[in-house]
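Undergrad: Need a 3D model of the sequence below.
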Amino acid sequence: MKLNSDTIFSYIRGIHQLLLSDTQNLYFMIGVLEIFAIAVGLGCDALCTAFGIGTARYYAGQTFRLSFHFGLFQAIMPGLGWLLGQQLADWVSSWDHWLAGGFLLFIGIHMLWEAFQKKEESVARDRSRKWNLVLLSIATSIDALAVGVVSAFTGHLS
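TA: Numbering: from 1, shown residues only. Prediction:
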């Protein structure tokens, strides 16, 4: 079968009619697209961190260690965040805006402080081992924890 614009448009029209014929299909499709978009967004920081580590110097076993740990933490953190959000939703809801503002203020002050500090040259080392790997895994998956907390607060996946 030759693929041209007419066949592509007919496929799209058929999918569109199928989705509109049943609103349950439409809601399911929107949910799948939302989850896919969130997953792609959450994986980008781990991908960039792995690229950055890989460009410095390659060490034996580095690819497996980074892939395994980043994937493990990215998979666990949303569930952990959801459980945390379920426990804290009522307690935090009255002062959540102050908490968010405090975090942003702390991050901004810390960034300014680091910008004016003198830095020493660091020696190249394997960052895919021991505590460096664990801390990198937590750092790249902290946004997944936040997604889990927000889904608990908003009632998604309850």
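Undergrad: Next, the contact list for the spatially most central residue of the chain, please.
TA: By Cα atoms, centre = their mean, the chain has its centre lying nearest to residue 42, at 2.0 Å. Each residue near residue 42 by Cβ atoms under 8 Å, 6 or more residues apart in numbering is listed here: 74, 141, 143, 144, 147. The way it works is simple: take the backbone N, C-alpha and C, and place the C-beta from them, glycine included.
Undergrad: could you dump those to a markdown table with distance to residue 12?
TA: Formatted as a markdown table, those follow (distance: Cβ to Cβ, whole Å):
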| residue | distance to residue 12 |
| --- | --- |
| 74 | 32 |
| 141 | 36 |
| 143 | 33 |
| 144 | 33 |
| 147 | 30 |
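Undergrad: Where neighbours are concerned, which of those has the most?
TA: residue 141 (27 neighbours; other Cβ atoms under 10 Å).
Undergrad: So the residue nearest to the centre of the chain, which state does it fall into?
TA: Secondary structure, DSSP: H, G, I helix; E, B strand; the rest coil: residue 42 is helix.
Undergrad: Which pLDDT value goes with it?
TA: You'll see residue 42 listed with a pLDDT of 85.
Undergrad: roughly how far apart are it and residue 146?
TA: With distances taken as Cβ to Cβ, to the nearest Å, residue 42 is found 10 Å from residue 146.
Undergrad: Which is the succeeding secondary structure element to the host helix or strand of residue 83?
TA: Using DSSP states H and E, residue 83 falls within helix 62-92. Proceeding N to C from helix 62-92, the next assigned helix or strand is helix 96-115, under DSSP H and E.
Undergrad: what's next to that following helix, contact-wise?
TA: residue 92.
Undergrad: what packs against the very next helix or strand once past it?
TA: Under the assignment DSSP H and E, the closest C-terminal helix or strand after helix 96-115 is helix 130-154. Judged by 3 or more Cβ pairs under 8 Å, 6 or more residues apart in numbering; DSSP states H and E, helix 130-154 is in contact with helix 23-56, helix 62-92.
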